[in-house]
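Undergrad: My questions concern the predicted model and sequence given below.
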Protein chains: 2
Amino acid sequence: MRPTRPTPRAESFPVNTPAAAQVFTTVLTQGPLARLEVARRVGLSAAAVTKAVRPLIEAGYLVEDVDEESRPALGRPANLVRVDGGRALFVGVKVTGDEVIGVLTDLCCRIRVARHVPLPDRAPKAVLASIAELVHDLLAAADGLQAPVLGLGVAVSGDVDRAEGTVRYSPFLDWRDVPLAELATMTTGLPVTVDNDVRALTVAEQWFGAGAGLSDFAVVTVGAGIGCGLVVHGRVVAGAHGVAGEIGHVTVDPTGPLCHCGNRGCVEAIAGEAAVVRQIQEVTGVQLADAAQALAMAHEGVPGAREVYARAGEAIGRGIATVANLLGPERVIISGEGLAAYDLFAEHIRDAFTAAAFGSAAQCDVQTRPLPFEEWARGAAATAIQSFVRADT
Amino acid sequence: MRPTRPTPRAESFPVNTPAAAQVFTTVLTQGPLARLEVARRVGLSAAAVTKAVRPLIEAGYLVEDVDEESRPALGRPANLVRVDGGRALFVGVKVTGDEVIGVLTDLCCRIRVARHVPLPDRAPKAVLASIAELVHDLLAAADGLQAPVLGLGVAVSGDVDRAEGTVRYSPFLDWRDVPLAELATMTTGLPVTVDNDVRALTVAEQWFGAGAGLSDFAVVTVGAGIGCGLVVHGRVVAGAHGVAGEIGHVTVDPTGPLCHCGNRGCVEAIAGEAAVVRQIQEVTGVQLADAAQALAMAHEGVPGAREVYARAGEAIGRGIATVANLLGPERVIISGEGLAAYDLFAEHIRDAFTAAAFGSAAQCDVQTRPLPFEEWARGAAATAIQSFVRADT
DNA sequence: TTTCTTTTATTGACGACGGAAAAGAACCCT
DNA sequence: AGGGTTCTTTTCCGTCGTCAATAAAAGAAA
């Protein structure tokens, strides 16, 4: 079925069996664990874990560790197993409209180096050139770290087919059917994983963030757009037609402002960055250059500005409640550049969510976490790590 | 983790390995298939399929069959394998507010007999008595069919924990934490599966209906309430807190009519049966006894009545678009008693869906299928069949 | 009619994965 | 030191699924 793209591999991961892959990802995502604990969580026998762990330790991906602190009084102390982050490096790249952001992370997806280069042109060729430059820089930085770079993840907004490695349609870049993985592999020589940006961020949360260990959760990003990544039954939802998690285009007010999608009162048309700026301009009559100015006005207490943010918060809360009502996730993680305005709408998000959540869907744990701008690129790196670990599953 | 309830089993299913279970369910759900074709779909070798099939044929669950028609000119003709529906029987029961509906189905979930008994009282004891009576009747009817009855499925609205076999909370019956599976097993002597009614219906569609072979789809039920069952990544979504698929409480108009959930403008508050009746009464000033009368008025062309249905259709279409935007299912199956009014709002559902679906989410195939009243009970039977097949997986 | 081609089904050998059980290891407590 | 407890490893073994070869069932070609 799946066409085998040329995937150069400097080094292969010593995991053949599904059990071993499970063991590794559990240790990777759930921190240092005793073998027996891994066995319990994965549903394997202790013996199987021992066998799976050995080659991974020999290859240097896992290391043993004794925890001195939380040792129970009784019995043989546990030999914790954890991933040696320094064993391998990965590059993650996020392509935005006007720049390309890249990070070098270790195997535990901790950022080691972050860089960005401007994007003069959005044509595939120019983007590839920028990516190549950025990757080159990061590889140079990786030279001193004594660890091989084993993969590159690229995150792009729009309809991306990760399995194929192609960007099917990206309105932002005005791309259609660009075989980005193949192209990037050719220019960088690394195994490349291409994914949608929100999904990539979701993968990062799922493996290395607030979603670790959960089988059902959602990530909501608040920024220029309002996006949502969903994990259901332990897997990121991709959508049969490439569309999923479009919380930004959930209608919250059919009489609301017109959205670029053609409908009225979408969450994004009320709470998106552009929408907030526009509404504050309308209310105050002052021209604003960017969202930072809008934020400043609201913080200064300019009449009407706070209300715009309040409405935005309410719209987001409603959208989250819709997700909770439909999917019943354990947790919702709110994130995004827009969180700079968090103090302005946190309360309204929460109130609107609580009001609109049906029954025990309101028990869903709604968290907030700040999102530094490199986080998107880190998500891309997470997809590369995932591909590496899952290489031959 | 999972407590082992006492599950009496008249007969056990000769399937030990996960591969065999997969083979059986594909044959069950995807009609007669050649072994090689099964192998392709499941991702196993042909040899493995042969080995998995043999004991199932010996036990009488599968039978061989040569299809005379669509035989390719070349090569050895395929020996199709299909499930012998008559090999085993199952009982499905749906508990509504005022009656209990039951069906006797075969292994292919084809209804053989349908019965219903009134429900004088909603207390667990009374419900169990009604269930017992109904099951007794159906077992008597099964006597002539030369096949054992191997399971009972019970469908109840509300928050149901299928794994535990308990009804955690059913507002309709006013139940809390009723260990229904255990109780019903004691009174009927059959292995019992308890599940939420909409999820049960979804299982039936997934295995025996328009969702067969799909890994991502939704079932929307239009009736007294508006419900939704979701299948994501090939599994029915249950929700971390017992709530999922609450499309009925997706807000489509924040200024709309008050819903019993406390919010305004929920889909159900606009398109639910009670809401439609109430709105038509308000518009026409005529007192209506039930939904049938409301329907009749609309069909007669009473001014305003049609518009109420149009608005209902629009609300449903919006709700479906929300599901499509968030999950990107391959297909949405609209069903329910409310479909009697289908001609009145089909067009509006479709229009609202198309308008509110974002991008290629609109490619989602929206189907309609009538839902006879026994269908809910058939869903319950489907869960029993599923439990039987998955017994020791 | 015989032989070839094509496709499906079956067989038996083989490898490997994971479980059970028992032994070993490391620590505390008495 | 010895018992108790818990974690880890070892050894043995069942069994599941793949591989490769073979059988089977047709139509087509010779």
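TA: In hand now; what should we look at? Residues are numbered from 1 along each chain as shown, chains lettered A, B, ... in the order given.
Undergrad: Excluding chain neighbours, what is closest to the residue of the stretch 101-250 of chain A found nearest DNA strand C?
TA: Using C-beta to the nearest atom of the strand, the single residue of the stretch 101-250 of chain A nearest to DNA strand C is residue A:234, 17.4 Å away. Yep, even glycine has a C-beta here, placed from its N, CA and C like the rest. Spatially, and ignoring its direct neighbours in sequence, residue A:234 is nearest to residue A:215 (4.3 Å; C-beta to C-beta, 6 or more residues apart in numbering or on different chains).
Undergrad: Quick check: the residue of the stretch 101-250 of chain A closest to DNA strand C vs residue A:207, distance?
TA: 11 Å (C-beta to C-beta, to the nearest Å).
Undergrad: Just want to know which of the two has more residues nearby.
TA: Taking neighbours as other C-beta atoms under 10 Å in any protein chain shown, residue A:234 and residue A:207 compare with residue A:207 leading, 21 against 12.
Undergrad: Do I have it right that the more buried one meets residue A:385?
TA: Yes: applying C-beta atoms under 8 Å, one finds residue A:207 in contact with residue A:385, separated by 7.3 Å.
Undergrad: Spit out the residues that contact those two alike.
TA: residue A:109 (C-beta atoms under 8 Å, 6 or more residues apart in numbering or on different chains).
Undergrad: Spell out which residues of the stretch 251-393 of chain A are next to chain B.
TA: Counting by C-beta under 8 Å from any C-beta of the partner chain, the stretch 251-393 of chain A comes close to chain B at A:251-255, A:261-263, A:318, A:322-330, A:355-356, A:358-361, A:363-364.
Undergrad: Give the ChimeraX command for selecting the buried subset of these.
TA: Here is the ChimeraX command that selects the buried residues among these (16 or more other C-beta atoms under 10 Å in any protein chain shown):
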select /A:251,252,253,254,261,263,318,322,323,324,325,326,327,328,329,330,355,356,358,359,360,361,364
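Undergrad: Alpha carbons only: can I get stretch A:248-258 in PDB?
TA: What follows is stretch A:248-258, C-alpha atoms only, in PDB (Å, rounded to 0.1, in the frame of the first residue of the first chain):
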ATOM      1  CA  GLY A 248     -11.700  27.500  14.400                       C
ATOM      2  CA  HIS A 249     -14.600  27.000  12.000                       C
ATOM      3  CA  VAL A 250     -17.100  25.800  14.600                       C
ATOM      4  CA  THR A 251     -20.000  28.300  14.500                       C
ATOM      5  CA  VAL A 252     -20.600  29.900  17.800                       C
ATOM      6  CA  ASP A 253     -22.900  32.800  16.600                       C
ATOM      7  CA  PRO A 254     -24.700  32.500  13.300                       C
ATOM      8  CA  THR A 255     -25.200  36.300  13.300                       C
ATOM      9  CA  GLY A 256     -21.600  37.000  14.100                       C
ATOM     10  CA  PRO A 257     -18.900  38.500  11.900                       C
ATOM     11  CA  LEU A 258     -18.100  37.000   8.500                       C
END
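Undergrad: What lies in contact with it?
TA: By C-beta under 8 Å, 6+ apart, the residues outside stretch A:248-258 that reach it are A:225-228, A:259, A:261, A:263-270, A:272, A:275, A:279, A:314-315, A:318-319, A:322, B:251-255, B:318, B:322, B:325-326, B:356, B:358.
Undergrad: Stretch A:288-306 - what's its average pLDDT?
TA: For stretch A:288-306, mean pLDDT is 88.
Undergrad: Give me the buried positions along it.
TA: A:288, A:291, A:294-295, A:297-298, A:302, A:305-306.
Undergrad: Please name the residues that touch the residue in the stretch 151-300 of chain A positioned nearest to DNA strand D.
TA: Closest to DNA strand D within the stretch 151-300 of chain A is residue A:213: 18.6 Å, counting by C-beta to the nearest atom of the strand. By C-beta under 8 Å, 6+ apart, the contact set of residue A:213 is A:29-30.
Undergrad: Please report the distance of residue A:254 from DNA strand C.
TA: The gap separating residue A:254 from DNA strand C is 52 Å, by C-beta to the nearest atom of the strand, to the nearest Å.
Undergrad: Is that residue in a helix, a strand, or coil?
TA: coil (DSSP: H, G, I helix; E, B strand; the rest coil).
Undergrad: Now do the helices in chain A.
TA: Per DSSP state H, chain A carries helices over the ranges A:18-29, A:35-42, A:46-58, A:124-142, A:180-188, A:197-208, A:267-271, A:273-284, A:291-300, A:305-327, A:342-356, A:375-389.
Undergrad: re earlier: the residue nearest to residue A:234: neighbour count?
TA: By other C-beta under 10 Å, neighbour count at residue A:215 equals 14.
Undergrad: That one against residue A:230, yeah?
TA: No: applying C-beta under 8 Å, one finds residue A:215 not in contact with residue A:230, separated by 11.7 Å.
Undergrad: And the pLDDT at the residue of the stretch 51-200 of chain A found nearest DNA strand C?
TA: At 3.0 Å from DNA strand C, residue A:76 is the closest residue in the stretch 51-200 of chain A, using C-beta to the nearest atom of the strand. Among the per-residue scores, residue A:76 holds a pLDDT of 86.
Undergrad: same thing with the one 4 residues further on?
TA: Turning to residue A:80, the model gives it a pLDDT of 94.
Undergrad: near DNA strand D, which residues of the stretch 51-200 of chain A?
TA: Residues of the stretch 51-200 of chain A lying close to DNA strand D (C-beta under 7 Å from any atom of the strand) are A:51, A:53, A:72, A:74-80.
Undergrad: Any stretches of the stretch 251-393 of chain A with poor pLDDT?
TA: Applying pLDDT under 70 to the stretch 251-393 of chain A picks out residues A:391-393.
Undergrad: about what we covered before: separation between the residue of the stretch 151-300 of chain A closest to DNA strand D and residue A:237?
TA: 18 Å.
Undergrad: So what's the residue count around the residue in the stretch 1-150 of chain A that DNA strand D sits nearest to?
TA: When scored by C-beta to the nearest atom of the strand, the stretch 1-150 of chain A has residue A:75 as its residue closest to DNA strand D, at 2.0 Å. Number of residues near residue A:75 (other C-beta under 10 Å) recorded here: 7.
Undergrad: Contact partners for it?
TA: Residue A:75 neighbours (C-beta under 8 Å, 6+ apart): none.
Undergrad: how far away is it from residue A:82?
TA: 21 Å.
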